[in-house]
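# Pasting the sequence and the predicted coordinates here, then a few questions.
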Amino acid sequence: MGIPRPVPVLLITAGLTTALLVPGGAQAEPRPSPSPVRGTEEPGGNGKAAKSSASTAERALEGLVPSFSHTAGYPRERELPAVPVNPADKSIKLGLTPYHGIAPKLNALQSIGDRVSVEIAGRSAGGHQLYLVTVTAPESSREAREQERMRELIENSPSTAARDKRIKAEYKTPVFINNNIHGNEWEGTDAALKLIEKLAGAKDADTADLLGHSRIYFNITANPDGRIAGTRANANGFDLNRDFVTASQPETRAMRQIAIDKQPAVMIDLHGYVNGTLIEPTTPPHGENYEYDLFLKNTYANALGMEAAVNGLGYTEAKDGVLPAQIPFRDSEEGWDDWPPIFTPQYMPFHGATAAHTIEFPMQVNNRAYDTLPVTELQRRSAINTDIAGAAMRATLDFVQDRRAGLIADQIETFRRADAGEAQVPVSPETVPGVPGIGPEDVYTADFPRAYVIPVSGREQRSATAAARLVGHLLANDVRVERAVRDFRVGSRTYPRGSYVVDLHQPKRGMANVLLADGRDISDKVSVMYDISGWSLGRLWGASVVELKDGPLPVHTTVVRSASSAGYVAPYGDLRLRLDDPQEIAALNSLLADGVPVRKAADGSAIVPSSARGAARKLAQKYDVAFAATRVRGVQAFERTRVAAAVSAGELFALREMNFDVTPVSTAALNAGFDWSKADVLMTSAGLDYGALNASARGALDAFLADGGGVVGLGETGAALTSDAGLLAAKAVAGNGDANGVVRVDNSGGDSGSVTAGAPAHTFVYSPVWFTDLGPGVRVEQSYGTGNPLLSGHWRPLEDGTGGPTDAAGKASVVSASGAEGSQVFLFGTQPLFRAHPKGVFAQLGRALLGASG
């Protein structure tokens, strides 16, 4: 007799569930000219970036989704609380403002007059307040509401805005100056404080005119954790200037909200250290989703002004060690591109910035220079950098004052073209007059589809949880999403009522497309890229996304304000929890941590006893997952998996998102003595060298492995350990170390309980690895696709012709073998947790950890 159809318990969440559901230099890493240096993540759990005494709960609440008043007038003065003095703040040695010195300065600046306002944009990962300063002429509440009305009109009704005389006469141009996003690139903060003081007290007519027609927003320090500790990364070990697609960090989400709420027409992002001062626009390839003709026109013009201002300070190589400023678009062929929207200036144009720049001041004071140079020399260099940063800021304000009408007109035109579904205008000497050297190598345009559909259920959608997460992320990025009010058919496919529709005829079509599109293989465009080249959320975040190429949309829709919950618990009987999504892994680990007896089914899913239905309801709401009714009993018990992890910061963050009990380790930690009784699995991708272990540490690790400890390895580091320890018979072949992107994979090699069973047909690679010469007992869990497996990104063969994507085609990308005492060894040649981004493939790694300990 079959199980009667139950009445479902549908759990509707009132707001955000977890950061997993809505994630919401420095030597400049130097994007140097002409050849870039590869970006790397700091090892996980570096413990170096500073944390405040604020509670974890307080930080989570304040840092998740910042918001700003749209109705209060200016100034918005507030007395900032004192921050405890920290004599270890790394800024002090440079003669710069320590973090604890910022609040007193801002309090004093607010008292100068009526032009300076301070708001709290959120909290950092380490719990420090993020200060957003606005400098503008005073506004009443009525005037502030009118400014907001005009801002909304520009974005949402751009054709109307183009004809609005009040916008032309009264709208204040928003300018955003972002500082210190890399914590050990300090000087932008001090230049900003000096400029704010000057603007606050200036009596001249020129300043009054500027502030009467502009709002100038300063993010005083985007990364206070790193500023205090002298680290590039924040307290979670993240490079915030690589996080804008994912928005995993609270600081990034704060900047994202500033972009949405303030809608800057111009922004600059202050960095170090490249000598001479580097001022964007960039080399090719250029982001294909921008209105690049409008962007390049304004960005190049402002760059010329900043270049003149910086060079005009009079610093020279002979006298000061300072080289003349450089503009990559004009002065370099490749190596400093604006292809991925992971950087602040490359993200901002999707919210209306018609000029956006990274600026790298020249004199290095971080890393080895910080530790070895005399204090007098460090302070000399920092003073030069502060001076140069200030010159760039002042030149930008001059540019805004001179071109206010054109900048706002171009912002309106950016939104108008997108809303109307018009084609982009390719750059050329004719379409962008005054910019030298434009050639075919600069032309990148998108083939925008008519819409994307994210089915909500049925065979068309592999994961309702992933669909809700993706929709939540689109909404957090201010992408317009709608839902079908009834079933609809396009071509041969029918989509169910409730399916999400992202119509690309919307003002922020570029934002929508850059997140959802496959991207493209740009391997033949340039010899090397500065950072990642593929990131598609449509392929990597676990939800099924369908592109509708063209034609009218035969569907009636309603506007979506928040994603519908996928949370569900069957009303009786035992419960089945699939483990295809990281939120499902997180729910399982929560159950195991609470001592709930969960069993593993033959297909790898989790069987939860009916007695735990109350716990399941709470977790269904918290993690937005479904517990379905089942009569399957399970074949073995799941055990809480304790992970010793030698991994990157992004991987550590992802492991903790999945609720694994993780202890960071390294070669040094093991050599100092590690209690292996506190671990079930060793995961390694970075920072662990078996050959560098001392005799005691190697003996302890060998004993752990012989006693049934599992191993999950990633990339060359993981493969080296399994080879050195004799754990798995396979030859690891390293591809081009510069290669990265979205690749096609074949998951058919494993059985229904494989770690890749039910996984997406795409994953992410960064310095890809594959496995050959497989020994007896080695199983292929996943293989690279045949032909050219690269869907989007940059992956060329090495100079000798090897290491390219065709060499990897059809080869094993994930392998496994049995270890001692029922344990398992897994090796990944892919990067399923890279920077906590490819959320749809996290579960492959999660299932491997759960299975590795036997």
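Ah, there it is. Numbering: from 1, shown residues only.

# From Ala739, how far off is Ala612?
Separation of Ala612 from Ala739 (CB to CB, to the nearest Å) stands at 45 Å. The C-beta positions use only the backbone N, C-alpha and C, and glycine is treated the same way.

# Over to Pro832?
According to CB to CB, Pro832 stands 16 Å off from Ala739.

# With neighbour numbers in mind, choose between these two.
Pro832 (29 against 26; other CB atoms under 10 Å).

# does that one sit in a helix, a strand or a coil?
Following DSSP: H, G, I helix; E, B strand; the rest coil, we place Pro832 in the coil state.

# List the contacts of it.
Pro832 sits next to 714, 763-764, 838, 841-842, 844-845 when contact means CB atoms under 8 Å, 6 or more residues apart in numbering.

# how about the residue nearest to it when sequence neighbours are not counted, phi and psi?
Closest residue to Pro832 apart from its sequence neighbours, by CB to CB, 6 or more residues apart in numbering: Val841 at 4.3 Å. Main-chain dihedrals, Val841, degrees, to the nearest 10: phi -110, psi 0.

# Check the gap between Val841 and Met348 for me.
Taking CB to CB, one finds Val841 at 29 Å from Met348.

# re earlier: ok, the contacts of Pro832 vs Leu588, which is closest?
Phe842 (12.9 Å; CB to CB).

# Give me the residues contacting the one helix or strand the closest one maps to.
In this structure, Phe842 is located in helix 842-852 according to DSSP states H and E. Identification of contacts with helix 842-852 by CB under 8 Å, 6+ apart yields 542, 579-582, 584-585, 588, 604, 638, 641, 643, 654-655, 657-658, 660, 680-681, 683, 710-712, 755-756, 759, 763, 782, 814, 816, 819, 823-826, 828, 832-833.

# Any stretches of this protein with poor pLDDT?
Residues of the chain that meet the criterion pLDDT under 70 lie in 1-67, 458-460, 750, 752, 854.

# Residue nearest the middle of it, spatially speaking?
Asp243 (2.2 Å; CA atoms, centre = their mean).

# Now that residue: closest residue in space, sequence neighbours ignored.
Thr252 (4.3 Å).

# Need the three-state assignment for the one you found.
Secondary structure, three-state DSSP: Thr252 is helix.

# Leu130 too?
Going by three-state DSSP: Leu130 is strand.

# returning to what we had before: identify the residues contacting the residue nearest to the centre of the chain.
Asp243 touches 249, 252, 342, 835, counting by CB under 8 Å, 6+ apart.

# just to revisit the earlier point, make TSV out of the contacts of Pro832 and add neighbour count and distance to Ile260.
Output for those, formatted as TSV (neighbours: other CB atoms under 10 Å; distance: CB to CB, whole Å):
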residue	neighbour count	distance to Ile260
Leu714	27	35
Thr763	29	30
Phe764	26	27
Pro838	27	24
Val841	28	28
Phe842	27	27
Gln844	29	33
Leu845	28	32
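
# export stretch 525-533 as PDB, just CAs?
Output of stretch 525-533 as PDB, limited to C-alpha atoms (Å, rounded to 0.1, in the frame of the first residue of the first chain):
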ATOM      1  CA  LYS A 525      41.400  37.400 -27.300                       C
ATOM      2  CA  VAL A 526      44.400  38.100 -25.000                       C
ATOM      3  CA  SER A 527      47.300  36.000 -23.900                       C
ATOM      4  CA  VAL A 528      46.600  36.400 -20.100                       C
ATOM      5  CA  MET A 529      43.900  37.800 -17.900                       C
ATOM      6  CA  TYR A 530      44.300  39.700 -14.600                       C
ATOM      7  CA  ASP A 531      41.800  37.600 -12.600                       C
ATOM      8  CA  ILE A 532      38.900  35.300 -13.200                       C
ATOM      9  CA  SER A 533      37.200  35.200 -16.600                       C
END
